[in-house]
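S.K.: kindly generate the corresponding structure for this input.
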Amino acid sequence: MSLEGFTWHAGGCHCGGVRFEVALPELPEAQTCNCSMCHKSGFIHLIVPQSRFRITRGTERLAEYTFNTGIARHLFCADCGIKSFYRPRSNPDGWSVNARCLDEAVDLDLSEFDGRNWEANAAGLAHLSREPS
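M.R.: Numbers count the residues shown, from 1 in each chain. Have a look, this model is predicted:
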């Protein structure tokens, strides 16, 4: 897959033990979510395909939390507790990166996602983890 038109951005957890990179277009789609998990943590979702995400340090420091269906893999730094990224239930073929964990702010095409009514709305996110044509 060509990453022409995408720029790699670095980020990580609070203590710096977990680091990642994500390739984003100039104005990436991002979502805030009102589900119980995202609302409490302030997560801003940048959902990307597998090919546009890589963990660069600290895989061994990641702890996992699952609930409900167990499909989503919520990954946290075991030292500082920050969830910089996770494997979302809506897009198990991709990653959701927390825009707030990027080293430098990026402009976002930000929309609200109704995660409290997840079953009715999740299909609207499926396109975000697909490879561009």
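S.K.: got a list of what Phe43 touches?
M.R.: The contact partners of Phe43, by C-beta atoms under 8 Å, 6 or more residues apart in numbering, come to Cys33, Met37, Lys83, Ser96, Asn98, Arg100. For glycine as for every other residue, the C-beta is placed from the backbone atoms N, C-alpha and C.
S.K.: for this protein, which spans come out with low pLDDT?
M.R.: Scanning the chain for pLDDT under 70 picks out 1, 133.
S.K.: so which bits of the longest helix seen in it are buried?
M.R.: Counting by DSSP state H, the longest helix found in the chain is helix 36-41. Residues of helix 36-41 classed as buried by neighbour count (16 or more other C-beta atoms under 10 Å): Met37, Cys38.
S.K.: ok, residues contacting that helix?
M.R.: Thr32, Cys33, Phe43, His45, His74, Lys83, Gly115, Arg116.
S.K.: mind checking how far the closest residue to the second one other than its chain neighbours is from His74?
M.R.: Spatial nearest neighbour of Cys33, chain neighbours left out: Gly115 (4.0 Å); criterion: C-beta to C-beta, 6 or more residues apart in numbering. Computed as C-beta to C-beta, to the nearest Å, the Gly115 to His74 distance reads 13 Å.
S.K.: try Asp93
M.R.: 17 Å.
S.K.: more crowded one of those two?
M.R.: Taking other C-beta atoms under 10 Å, Asp93 and His74 do not tie; His74 has more neighbours (19 against 12).
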